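Visitor: My questions concern the predicted model and sequence given below.
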Amino acid sequence: MGGVFSLHSLPSDLLSLLTSIDVKKSVVVTLSSDKGLCGGINSIVVKVLKRKFSLLLFRDSKNDISLSVTELNKNQLNYAQVSVLADDILKNVEFDALRIVYNKFHSVVAFLPTVSTVLSPEIIEKESEVGGKLGELDSYEIEGGETKGEILQNLAEFQFSCVMFNAVLENACSEMGARMSAMDSSSRNAGEMLDRLTLTYNRTRQASITTELIEIISGASALEAAK
């Protein structure tokens, strides 16, 4: 993919433009963890997915829902791998708008369930042809012999892979923070439980020793009195 663009040249709020765009087919991509022990990071994403898109999925695509499980990697996904995944989606999945559901990192103890929307290259090109705000390149001088449609196609593909990679990184940071918080809470709870059990053990042991001493002293006193 070729072409150069600056972020400020694009609309600052693409979601606000969706109300005027005819989106007939939506695809939802959900990012979650492939490991446990990270609190409710996965369940929160699933809840957001059900709340925002359940009606859409079961109304429009009741018999057209597929589940894809990709290969699990020990190492974090890099941009090249995410680009391959994004390219595979663009080539094999038909959509007008794609919604990416993921957890956005806020702090070590907080993350925000987020939905990012990416329009298909065809929709962007169509909006550009009818004079819409999306894909407006008239103020740029195009070099290299590429047509406006080819540049928009390349930019849309690059934007999709960047948004996807950003979602992967945000979700990974949220997962690490959630796991650190969960493990810290587990360690702290385990320490408190150990302290309580140790205190109970010491009290029981002390009571047992005291009882034995009383019995010994009572027996010795009885023998002394018998003499």
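Guide: Done, it's in.
Visitor: So Ala178 is in contact with Asn42, correct?
Guide: No - when contacts are counted by CB atoms under 8 Å, Ala178 is not listed as touching Asn42 (9.3 Å). The way it works is simple: take the backbone N, C-alpha and C, and place the C-beta from them, glycine included.
Visitor: Compare those two and say which is more crowded by neighbours.
Guide: Counted by other CB atoms under 10 Å, Ala178 and Asn42 do not tie: Ala178 has more neighbours, with 24 against 19.
Visitor: and the gap between that one and Ser128?
Guide: Ala178 sits 41 Å away from Ser128, going by CB to CB, to the nearest Å.
Visitor: same thing with Val28?
Guide: Distance from Val28 to Ser128, by CB to CB: 25 Å.
Visitor: Buried ones in stretch 215-223, by neighbour count?
Guide: Of the residues in stretch 215-223, none is buried by neighbour count under the rule 16 or more other CB atoms under 10 Å.
Visitor: Backbone dihedrals for Glu146, both of them.
Guide: phi -80, psi 140 (degrees, to the nearest 10).
Visitor: Show the pLDDT at it.
Guide: Note on Glu146: pLDDT of 75.
Visitor: by contact count, what packs against the host helix or strand of His106?
Guide: Using DSSP states H and E, His106 sits in strand 97-107. Applying 3 or more CB pairs under 8 Å, 6 or more residues apart in numbering; DSSP states H and E, we find strand 97-107 packed against strand 26-30, helix 41-60, strand 110-119, helix 148-226.
Visitor: and the very next helix or strand once past the second one, how far from the chain's centre?
Guide: Beyond helix 41-60 in the direction of the C-terminus, DSSP H and E gives the next helix or strand as helix 79-92. When distances are taken as CA atoms, centre = their mean, to the nearest Å, helix 79-92 is centred 18 Å away from the chain's centroid.
Visitor: got the angle between helix 79-92 and strand 110-119?
Guide: Interaxial angle, helix 79-92 versus strand 110-119 (axes from the mean of the first three to the mean of the last three CA atoms, to 10 degrees): 40 degrees.
Visitor: could you dump helix 79-92 to CSV, C-alpha only?
Guide: Provided in CSV are the C-alpha atoms of helix 79-92 (Å, rounded to 0.1, in the frame of the first residue of the first chain):
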residue,chain,number,x,y,z
TYR,A,79,1.6,-4.8,13.4
ALA,A,80,2.5,-7.2,10.6
GLN,A,81,0.3,-10.0,12.0
VAL,A,82,-2.6,-7.6,12.6
SER,A,83,-2.2,-6.2,9.0
VAL,A,84,-2.5,-9.7,7.7
LEU,A,85,-5.7,-10.3,9.7
ALA,A,86,-7.1,-6.9,8.6
ASP,A,87,-6.3,-7.7,5.0
ASP,A,88,-8.0,-11.1,5.3
ILE,A,89,-11.1,-9.5,6.7
LEU,A,90,-11.2,-6.9,3.9
LYS,A,91,-10.8,-9.6,1.2
ASN,A,92,-13.2,-12.2,2.6
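Visitor: can you give me the mean pLDDT across that helix?
Guide: On average, the pLDDT along helix 79-92 is 85.
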